[in-house]
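> Okay, here's the prediction I keep looking at, along with the sequence it came from:
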Amino acid sequence: MAFDADDLHPMRFLRQLPAARAIIRREVHHCRNGLLSSDAFQRIADAGMTAYNQALGKLPFEKRPESTDAAVDTVSTLAHLVSFAAGGRNSFWLPPQLVALLGQTDLGDIRLAEGVDDVRKDGFPISSPHLSGYERAALFNQAALPTASNVLALLCNALCLLSTEPALGAPEWPKQAPSTLVDAIANATTPKRLRTAVGRLADDGYFSVRRLNFHTGAVEIPADGAPDSSLPGREVAAHWRRSHWRRQPHGPGLSERRLIWIRSALVRQDRGEPAVGHLYAVTE
C-alpha cells in the first residue's frame, strides 16, 4: 500500500525546498542524540537562508511575504529534519479510528517527567512564531494553545502505544518514490543492497512509514455484571468507563510494570441505560 508523500510534512517540505536534501545530508552526521551543536545550527541557518532567498527571488515582488516569519520557519524546520534524519527517520501512521480512540484515553496513570505539568499549564510552545510584535506573538500563542495541547496528548498516547510493542505493518513507501528503488528494497538479497536503496530514497527526500495495527495493544474489559473494582462491596449504575492506560504488574513477584491499553467499555449494562454524562462512541 502506497501513500501520498505530500500527506507528511517532512516529505512535503523536502519537495517544496529541494535544496534542503543536500543540507540535511551534509549535517546529519553532526547531530548527536538529537542535539545540534551551535556550529552545526549556524551552518544550517546560513544554508537555509541562502536557499530561502533563492526561492524568494523567483517570486514576483507583490507575492513575497511581508515579514521574515517564513524564513525563520524554514531554518527551524531544517534543524528539526536534521534531528529526524539522525534519529533514523522513524515514522508511524495512526489510522483515523486509532487517533479517535487515543483522543478519549486518560493519561492519569502515566508517570511523566518532572515539569510536564508546568508545560501543560503554561502552554506548549510547538515553535516560536518569531513575529515582529509582542501583540502578534501573543495572538499566535493564544490561537495555537488548544491545538498544541491536543497534539501533546496525542503524542503521549502514541508513545504509550508504541511502548506496548504493537505489531507493525511492513514499511510503506510513498507513491511518488521511484519504483525501481522500492523494488530494489523488496528484492534486496543482502543488507548492503537494502541500505543502499533506502539511502538513495532518503537522498531523494523519501522515507517509509509503518502503519500501526488498529487492534494492537487494546485490552477489552467485558461489560459483565461484576461490581466496579474501585468501589468494593458497592453496586454501581450503568456507565461508560473511560479508556485509559494501566501500569500492569507482571514479572517475578509482580515487581515489574508494563503499560496496557484499556479500551472504553459499558459497565453494568444490565442495570439499564447509562446516566447522562460523557458518552464515548467506540467503533471498530
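Received the coordinates, thanks.
> So, low pLDDT: which residues of the stretch 1-150 of the chain?
Counting by pLDDT under 70, the low-confidence segments of the stretch 1-150 of the chain come to 1, 109-137, 140.
> Show me where it has its strands.
Counting by DSSP state E, counting those that start in this stretch, the stretch 1-150 of the chain has strands at residues 31-32, 35-36, 92-93.
> Distance to residue 70 and mean neighbour count for the ones you listed - can I get that in JSON lines?
C-beta: built from backbone N, CA, C; applies to glycine. Converted to JSON lines, those look like this (distance: least, Cβ to Cβ, whole Å; neighbours: other Cβ atoms under 10 Å):
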{"stretch": "strand 31-32", "distance to residue 70": "24", "mean neighbour count": "16"}
{"stretch": "strand 35-36", "distance to residue 70": "21", "mean neighbour count": "14"}
{"stretch": "strand 92-93", "distance to residue 70": "28", "mean neighbour count": "16"}
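> I'd like those as TSV, with distance to residue 187 appended.
Shown next, in TSV, are those (distance: least, Cβ to Cβ, whole Å):
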stretch	distance to residue 187
strand 31-32	32
strand 35-36	37
strand 92-93	24
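> so which of the ones you listed gets nearest residue 200?
strand 31-32 (20.7 Å; Cβ to Cβ).
> any low-confidence regions in the stretch 151-284 of the chain?
Applying pLDDT under 70 to the stretch 151-284 of the chain flags residues 214-236, 239, 269-284.
> mind redoing it with 80?
Applying pLDDT under 80 to the stretch 151-284 of the chain flags residues 163-169, 212-244, 257-258, 262-284.
> Let me see the ranges of the helices in it.
179-186, 191-203 (DSSP state H, counting those that start in this stretch).
> thinking again about what came up before, which one, of the strands of the stretch 1-150 of the chain, ends up nearest to residue 65?
Checked against Cβ to Cβ, the stretch from the strands of the stretch 1-150 of the chain lying closest is strand 35-36, at 25.7 Å.
> Which strands or helices does the closest one pack on?
If you count contacts as 3 or more Cβ pairs under 8 Å, 6 or more residues apart in numbering; DSSP states H and E, strand 35-36 packs onto helix 69-86.
> buried set for the helix it packs on?
Going by neighbour count (16 or more other Cβ atoms under 10 Å), the buried part of helix 69-86 is 71-86.
> Centre of the chain to that helix, how far?
Mean C-alpha position of helix 69-86 versus that of the full chain (Cα atoms, centre = their mean, to the nearest Å) differs by 16 Å.
> Mind giving me the packing neighbours of that helix?
In terms of contacts (3+ Cβ pairs under 8 Å, 6+ apart), helix 69-86 is packed against helix 9-16, helix 19-27, strand 31-32, strand 35-36, helix 38-56.
> Nearest to residue 185, out of the ones you listed?
Proximity to residue 185 (Cβ to Cβ) singles out helix 9-16 among these, at 16.6 Å.
> Any chance you could list what contacts that closest one?
Residues outside helix 9-16 that contact it (Cβ atoms under 8 Å, 6 or more residues apart in numbering) are 5-6, 20-21, 77, 81, 84, 91, 174, 176, 205-207.
> Closest one of those to residue 54?
residue 20 (12.0 Å).
> Apart from its chain neighbours, what residue comes closest to the closest one?
Closest residue to residue 20 apart from its sequence neighbours, by Cβ to Cβ, 6 or more residues apart in numbering: residue 14 at 5.4 Å.
> What's the separation between residue 77 and residue 70?
Relative to residue 70, residue 77 is positioned 10 Å away (Cβ to Cβ, to the nearest Å).
> same deal with residue 13?
Residue 13 is 12 Å from residue 70, where distance means Cβ to Cβ.
> got any residues that touch both of these two?
In contact with both residue 13 and residue 70: no residue, using Cβ under 8 Å, 6+ apart.
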